[in-house]
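Peer 1: model the following, please.
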Amino acid sequence: MIPICQNNFSGLLLCVVIGTLFVRDARADDELTRPFIRVKEAKRESVSEGMQFSVRYHVVTGEKSKVSWIDENKSWVTLKGTTEEDGSSNVASVVVPPHESSVVMCEILTSRHRYVLYLENAEDGDVKVTPDLRPNFSVTPDGDFVYQAGTDVTAEVEHWLLNEGSPTYDMFELRFYLQHSLLKLVLNRPPYNFLQEHGQVDVGNFTQYNFSLLTSMYQTNGLVEISVSVGQTQELVKRATVTKTVVLRPSTQAGAFPPGFLQIVGGVYKQIDYDGKVVYCSLGSRWPCYLGCNGVGNDVTAVTISRINDDGSAKQLAVETPLPGQLMTYVGAVLDESELKTVPVRCEVTNAAGDTSAITYQVTFVAPAPWE
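Peer 2: Predicted coordinates:
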């Protein structure tokens, strides 16, 4: 049985989680993995401003990267740290308040890859480690998932770990961000049989997964995210997730989306009603009203989130510029209000031609619950 979660926004998120896996063997030759993002060192140390976390990492030559941080104790609000070049490596750092039994996440992003490291916060205790977690995998076909009319996409993922015995668990996951106008004519959401799992096989020192996407029945296009997540009990580093973004397209189309395609996908990070346009936040709660959305499309230059004022003018809360070749860009911001009211908030994506696509959400502030 494959659990599937789906959100019906103007863009489509289909999340498929396939099993929990235990890999017994480790690939010996590190060069065979060719990771696009490699974490070399993670460090936590007390400084006068709080607790400083640092991650030294390397990306493939020619790739651009950017880093964001999330403090679990700050309600998952995205933080901006600093990143400096140090020889062939980059060093990303952030300072957060010390807190026992919470996690600080470091997300390293390139145009088609993402590496998230989960680091343990603490009241005190400096520690520096070389992470044992190296969740590596290869995908066949190596490039885009391309299909001819009337055919399915068949793919294979081989996953291995480099350090035998260190992980406590690992998980393989697929997410789909699809342009579903053709599917919408049929169901308004993707069918549960769009993904067909063909099983898991242990082959030597790695685990192999095989699956098909039923594009013969449901012709669509977009992005497929393939993730491997591994965890362990090592000091400081508790978990790591590596994600590769793959383009899904018919052979008659050059990219993930048709020319000029723009869309806001995924909605916001708070409670949403059935039409996807109303958001509720608690006024005065210790949890901030954090909003976010994804801008998807070709040649995107900016994704913004703005508060619409009473006079119709817009106050920009945050803006994100995508990396070269990046097809989906996330932007997030905290909306801070002082009274019970409804505030329009607009997510907007803009491309190089100046075209835009936007969704406006009605953010309603309500009285906080007693436990907030």
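
Peer 1: all contacts plus neighbour counts: C-alpha atoms, from now on.
Peer 2: Fine.

Peer 1: so the residue located most distally from the centre of the chain versus residue 344, what's the distance?
Peer 2: Computed with Cα atoms, centre = their mean, the residue of the chain farthest from its C-alpha average is residue 311, at 35.1 Å. Distance, residue 311 to residue 344, by Cα to Cα, to the nearest Å: 12 Å.

Peer 1: over to residue 85?
Peer 2: 40 Å.

Peer 1: the more surrounded of these two?
Peer 2: residue 344 (19 against 12; other Cα atoms under 10 Å).

Peer 1: touching, the more buried one and residue 360? I think so.
Peer 2: Yes - contact criterion Cα atoms under 8 Å: residue 344 and residue 360 qualify, at 6.3 Å.

Peer 1: what ranges do the strands span in the stretch 251-372 of the chain?
Peer 2: 262-265, 278-282, 289-297, 300-308, 314-320, 328-335, 342-351, 356-366 (DSSP state E, counting those that start in this stretch).

Peer 1: identify whichever of those strands lies nearest to residue 149.
Peer 2: Smallest distance to residue 149 across those (Cα to Cα): 23.1 Å, for strand 289-297.

Peer 1: that closest one - contacts with which helices or strands?
Peer 2: Strand 289-297 sits against strand 262-265, strand 300-308, strand 328-335, strand 342-351, with contacts defined as 3 or more Cα pairs under 8 Å, 6 or more residues apart in numbering; DSSP states H and E.

Peer 1: return the member of those having the minimum mean pLDDT.
Peer 2: Comparing mean pLDDT across the helices and strands packed on strand 289-297, the weakest is strand 262-265, with a mean of 85.

Peer 1: pull the CA atoms of it into CSV?
Peer 2: In CSV, the C-alpha atoms belonging to strand 262-265 read as follows (Å, rounded to 0.1, in the frame of the first residue of the first chain):
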residue,chain,number,x,y,z
LEU,A,262,4.0,30.9,-14.8
GLN,A,263,2.1,29.6,-11.7
ILE,A,264,2.0,30.0,-7.9
VAL,A,265,2.1,26.5,-6.4
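
Peer 1: so where is the chain shaky, pLDDT-wise?
Peer 2: 1-35, 75-76, 132-135, 161-172, 177, 179-192, 203-206, 233, 266-277, 370-372 (pLDDT under 70).

Peer 1: do a quick rundown of the helices in it.
Peer 2: 181-184 (DSSP state H).

Peer 1: got the domain ranges for it?
Peer 2: 4-29+134-250, 36-129, 262-366 (automatic domain parsing).

Peer 1: pipe these into TSV and attach distance to residue 256 per row.
Peer 2: Shown next, in TSV, are those (distance: least, Cα to Cα, whole Å):
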stretch	distance to residue 256
domain 4-29+134-250	5
domain 36-129	13
domain 262-366	8
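
Peer 1: contact partners for the residue nearest the centre of the chain?
Peer 2: Per Cα atoms, centre = their mean, the C-alpha nearest to the average position across the chain is that of residue 114, at 7.1 Å. Residue 114 makes contact with 37, 107, 108, 241, 242, 243, 244, according to Cα atoms under 8 Å, 6 or more residues apart in numbering.

Peer 1: which strand residues bridge it?
Peer 2: Under DSSP bridges, the beta-bridge partners of residue 114 are residue 109, residue 243.

Peer 1: do you know how far it is from residue 252?
Peer 2: Residue 114 is 29 Å from residue 252, by Cα to Cα.

Peer 1: surely residue 243 and residue 115 touch.
Peer 2: Yes - in this structure, residue 243 is within contact of residue 115 by Cα under 8 Å, at 6.5 Å.

Peer 1: buried ones among the contacts of residue 114?
Peer 2: Among the contacts of residue 114, the ones that count as buried by 16 or more other Cα atoms under 10 Å are 37, 107, 108, 241, 242, 243, 244.

Peer 1: what's the most distant pair in the residues you listed?
Peer 2: Of all pairs in the buried ones among the contacts of residue 114, the most separated under Cα to Cα is 107 and 244 at 13.4 Å.

Peer 1: which residues touch the residue nearest to residue 154 when sequence neighbours are not counted?
Peer 2: Nearest non-adjacent residue to residue 154, counting by Cα to Cα, 6 or more residues apart in numbering: residue 212, 4.3 Å away. Contact analysis of residue 212 by Cα under 8 Å, 6+ apart lists 152, 153, 154, 155, 195, 196, 197, 198.

Peer 1: who's in contact with the second one?
Peer 2: With contact taken as Cα under 8 Å, 6+ apart, residue 153 is in contact with 145, 146, 147, 212, 213, 214, 215.

Peer 1: output the helices and strands packed on strand 289-297 in JSON lines; the columns should cover distance to residue 43.
Peer 2: Formatted as JSON lines, these follow (distance: least, Cα to Cα, whole Å):
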{"stretch": "strand 262-265", "distance to residue 43": "35"}
{"stretch": "strand 300-308", "distance to residue 43": "32"}
{"stretch": "strand 328-335", "distance to residue 43": "26"}
{"stretch": "strand 342-351", "distance to residue 43": "35"}
